[in-house]
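Undergrad: no FASTA, just this:
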C-alpha cells in the first residue's frame, strides 16, 4: 500500500487533517512513491502554536548547546549520505552525482550553522559618553518558516533550517508537494536528534498551507525559493502581513564566451551548467552568447557533445542527465522549443519526443541546443527550467554585456575568458547577483549570501552567509550607566 | 560496455575494485593486503561523498570499465601482481580525468600503492 506522508508537529509525526492528497511519482519509472497531503490552515496553526510555545525555552538554551545539535545532525546526514542521495534521485529524477552534490551542499549549510556562536557575537564600546557603555546584542526573532521548491528538495530546506534554529528561533518547513520524501527523511533524522518539541516542524502541502503560513500573525519571517511570479506574490503577501521575507525567484542566466576562451574546457563546464539537473535549477546556464569567432566554435563543439550526453535513470551511475520533474513540465518545455523554432531559431539538437529504453513512460526531455536565437524572442527572455541551451551571437564584448543586462532577471551570469580585463569589466558591469568567471554555475557556498537581483529576488537580506544571520536575528542596542 | 563517464561512475568503480580485491586477498590468506584494500575502499567512499562538487560536475569521456577487468581466479604471486597492475593502470588513467584536486590526489595515491 502506498504510504501517506505525515506532518511533523511538536515532536511527533501527525496525520494531516487534509482531505486532498497529491501523488508523488518517481519521474523516471512513474512508480507511485507516496501521497502528499494538501495540509490545511488548521495544520499550519498547530505547527505555529507548537513553534511559538517552544520558542522561549529554545532561545534560552545556550548557543553552544544549540550548535552541538548541528554537530550531531551533520554526523547523521554523513552516515546516511548514500541513502538520502538515492531518495533525492527517486523523487526528483536527477543523477546520483547531482544528488550527492546536493547533499554535500546541504551539509555545508549545517557546517555554516555550527559557526553561529561566532557569527551571533556583536560589538560594543565603553565610554561612548562619560561613564556610559553601549553594546549591541543579537537575539533570535521568533518563529520562521520556509517554503521550498522541488528542484533541490534537500539542499534548499537546509539553506534555512540549521541557521534559523541555531540562532535560537523555531522553525516550520513546507516543502514542495512534488518532492516531499527527502524532507520526510530529513525530519526522521531531526527526530532522532531529540531536539525540544516544537523547535522544528514540517507541514506538507501546497497553496493553502503556504498562504496560511504567510498570513499567520505568529510567524516572524518567511524564506522562499521558486519561480519569480510566485516569489513576487510571497513577497507582497508577507510584507502586507508585517513579516520579514526573502523570496528567491526564477532566472535566465547568460554565459558570455569570448574568442580567447579555451573552448573545449569551457564547453565541458557549460554542459554541466546547462544540462545538470536537466536544467531545472535557478543557476542553470540558459543562454550562451558567443562573441565574434567564438560563436561558430561554440556551436560546433556543443552540437557534438550535447548529442553525446547519456540520458537515463538517475540511479544508474553512468547517466549524465536525468528526467524533468513531470509530464506537465516536459510538455511545457517542448512547447517552448517549438515556439522558438517558430520564431526562426535553429534547433540544432532536438530533445523533443525523447524516450529512454526501459523507462518509456518517464518524463523525458532530451538535451536541446537552439542556435541563432534573437533578442526579444521567447528563448532569449523566458525561463525554460529544462535542458535547453540557447545560443546567441554578439560581435563585441560590449554587445554581449548589453544582451545580458537586458534580461528582466538577475540571478547569475558568467563569462568564459582568459583575459583579465574582460573578466573585470564583466564583474563590474553585469547586473546579476552571482557572477561566474570560467564557472558556469555561479553558486555561492554556504558562507556567502546567495545573490539575486531584479526579478530574481524580492527582499533585502538574501539566504545564506551573514545575510542569514541578519535575517534570523533581531539587534538590540543597550546603553548603560552605573552610578 | 560500462562507461566511466561521471565522477560517481569512476569513484564507484574504484570502490568496487577495492571491495573485490579485499575479498580476493582474504580468500587467499593475504590478510595485510586485504586490510589495505579495505582501507582504500573506505577512503574512496569518503572521497565520493566529500569531494563531489556540484558546480563543476562535467561529463567525462574516453574511459570504459571493460578496460580494467580484474582476473581474480589466480591467487599466485603472478596473479596478485597482475591484479595490482590492472588497478594501478586504472588509477593512473582516471585520476587526470577528475577535476577536483583532493579526489585526484586520493586516486593517485591508490595507484601508487598498487604500483609498489
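TA: Cool, the structure landed. Worth saying up front: this structure is predicted, and the values here are computed from it rather than measured. Numbers count the residues shown, from 1 in each chain, chains lettered A, B, ... in the order given.
Undergrad: residue contacts, the closest residue to chain A within chain B?
TA: Nearest residue of chain B to chain A, counting by CB to the nearest CB: residue B:54, 3.0 Å away. To be clear about C-beta, it is placed using only N, CA and C from the backbone, and glycine gets the same treatment. By CB atoms under 8 Å, 6 or more residues apart in numbering or on different chains, residue B:54 lies in contact with A:98, A:101, A:102, A:104, A:105, A:276, A:441, A:443.
Undergrad: Pipe those into a markdown table and attach pLDDT and neighbour count per row.
TA: As requested, the contacts of residue B:54 are exported to a markdown table (pLDDT from 0 to 100; neighbours: other CB atoms under 10 Å in any protein chain shown):
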| residue | pLDDT | neighbour count |
| --- | --- | --- |
| A:98 | 98 | 30 |
| A:101 | 97 | 27 |
| A:102 | 97 | 28 |
| A:104 | 98 | 20 |
| A:105 | 97 | 22 |
| A:276 | 97 | 29 |
| A:441 | 96 | 26 |
| A:443 | 96 | 21 |
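Undergrad: With respect to chain B, which of these is nearest?
TA: Distances from chain B to these, taken as CB to the nearest CB, are shortest for residue A:101 (3.0 Å).
Undergrad: Using the three-state scheme, assign the closest one.
TA: Taken by DSSP: H, G, I helix; E, B strand; the rest coil, the conformation at residue A:101 corresponds to helix.
Undergrad: so what's it up against?
TA: Residue A:101 touches B:52, B:53, B:54, B:55, B:57, counting by CB under 8 Å, 6+ apart.
Undergrad: please redo it, this time with the cut-off set to 6 Å
TA: B:52, B:54 (CB atoms under 6 Å, 6 or more residues apart in numbering or on different chains).
Undergrad: per-residue confidence for the residue of chain B closest to chain A?
TA: We have a pLDDT of 85 for residue B:54.
Undergrad: what does residue B:116 give?
TA: Per-residue pLDDT puts residue B:116 at 89.
Undergrad: What of residue A:13?
TA: You'll see residue A:13 listed with a pLDDT of 98.
Undergrad: Skipping adjacent residues, who's closest to it in space?
TA: residue A:6 (4.4 Å; CB to CB, 6 or more residues apart in numbering or on different chains).
Undergrad: could you pull out the strands for the stretch 351-483 of chain A?
TA: All strands of the stretch 351-483 of chain A, identified by DSSP state E, counting those that start in this stretch, fall at A:368-371, A:388-394, A:409-410, A:412-416, A:434-437, A:453-454, A:457-459, A:473-481.
Undergrad: measure residue A:49 to residue A:333 for me?
TA: 42 Å (CB to CB, to the nearest Å).
Undergrad: who in chain B is up against chain A?
TA: Within reach of chain A by CB under 6 Å from any CB of the partner chain, chain B has these residues: B:3, B:5-9, B:12, B:49, B:52, B:54-55, B:57-59.
Undergrad: Among the residues you listed, name the ones in helices.
TA: B:7, B:8, B:9, B:12, B:49 (DSSP state H).
Undergrad: Now distance to residue A:82 and neighbour count too, for those residues, in JSON lines please.
TA: Converted to JSON lines, those look like this (distance: CB to CB, whole Å; neighbours: other CB atoms under 10 Å in any protein chain shown):
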{"residue": "B:7", "distance to residue A:82": "15", "neighbour count": "29"}
{"residue": "B:8", "distance to residue A:82": "11", "neighbour count": "23"}
{"residue": "B:9", "distance to residue A:82": "15", "neighbour count": "24"}
{"residue": "B:12", "distance to residue A:82": "10", "neighbour count": "20"}
{"residue": "B:49", "distance to residue A:82": "8", "neighbour count": "17"}
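Undergrad: Quick check: closest non-adjacent residue to the residue nearest the centre of chain B.
TA: Centroid-nearest residue in chain B, with CA atoms, centre = their mean: residue B:14, separated by 3.0 Å. Excluding the flanking residues, the one nearest residue B:14 by CB to CB, 6+ apart is residue B:44, at 4.8 Å.
Undergrad: quick one: the one you found and residue B:65, what's the gap?
TA: 15 Å.
Undergrad: Would you agree the residue nearest to the centre of chain B falls within a strand?
TA: No: looking at residue B:14 with three-state DSSP, it is helix, so not inside a strand.
Undergrad: Okay, now the unreliable bits of chain B?
TA: B:1 (pLDDT under 70).
Undergrad: Compare residue A:49 and residue A:333 and say which is more crowded by neighbours.
TA: residue A:333 (24 against 17; other CB atoms under 10 Å in any protein chain shown).
Undergrad: give me the element that one is part of.
TA: Here residue A:333, judged by DSSP states H and E, is contained in helix A:327-342.
Undergrad: buried stuff in that helix?
TA: By neighbour count with 16 or more other CB atoms under 10 Å in any protein chain shown, helix A:327-342 contains the buried residues A:327, A:329, A:330, A:333, A:334, A:336, A:337, A:340.
Undergrad: Dump these to JSON lines, plus pLDDT and distance to residue A:245.
TA: As requested, the buried residues of helix A:327-342 are exported to JSON lines (pLDDT from 0 to 100; distance: CB to CB, whole Å):
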{"residue": "A:327", "pLDDT": "98", "distance to residue A:245": "32"}
{"residue": "A:329", "pLDDT": "98", "distance to residue A:245": "27"}
{"residue": "A:330", "pLDDT": "98", "distance to residue A:245": "32"}
{"residue": "A:333", "pLDDT": "98", "distance to residue A:245": "29"}
{"residue": "A:334", "pLDDT": "98", "distance to residue A:245": "34"}
{"residue": "A:336", "pLDDT": "98", "distance to residue A:245": "30"}
{"residue": "A:337", "pLDDT": "98", "distance to residue A:245": "34"}
{"residue": "A:340", "pLDDT": "98", "distance to residue A:245": "34"}
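Undergrad: Below-threshold pLDDT in chain A: ranges please.
TA: Using pLDDT under 70, nothing in chain A is flagged.
Undergrad: Near chain B, which residues of it? Just list them.
TA: So far as CB under 6 Å from any CB goes, chain A lies against chain B at A:81, A:96-97, A:100-101, A:104-105, A:268-269, A:271-272, A:276, A:317-318, A:320, A:441, A:443.
Undergrad: So which of those residues belong to helices?
TA: A:81, A:96, A:97, A:100, A:101, A:104, A:105, A:268, A:269, A:271, A:272.
Undergrad: one step back: just the residues of chain B next to chain A now: which is nearest residue B:33?
TA: Among the residues of chain B next to chain A, residue B:12 lies closest to residue B:33 (CB to CB), at 21.9 Å.
Undergrad: quick revisit: which one of residue B:44 and residue B:65 is surrounded by more residues?
TA: The neighbour comparison of residue B:44 against residue B:65 (other CB under 10 Å) goes to residue B:44, with 24 against 18.
Undergrad: Would you list the phi and psi of that one?
TA: Dihedral pair for residue B:44: phi -70, psi -30, per degrees, to the nearest 10.
Undergrad: doesn't residue B:17 make contact with it?
TA: No: look at residue B:44 against residue B:17 with CB atoms under 6 Å: they stay out of range, at 8.8 Å.
Undergrad: For residue 19, the count of nearby residues, please.
TA: Since you didn't name a chain, this refers to chain A. Neighbour count of residue A:19, defined by other CB under 10 Å: 8.
Undergrad: Actually, chain B is the one I wanted.
TA: With other CB under 10 Å as criterion, residue B:19 counts 16.
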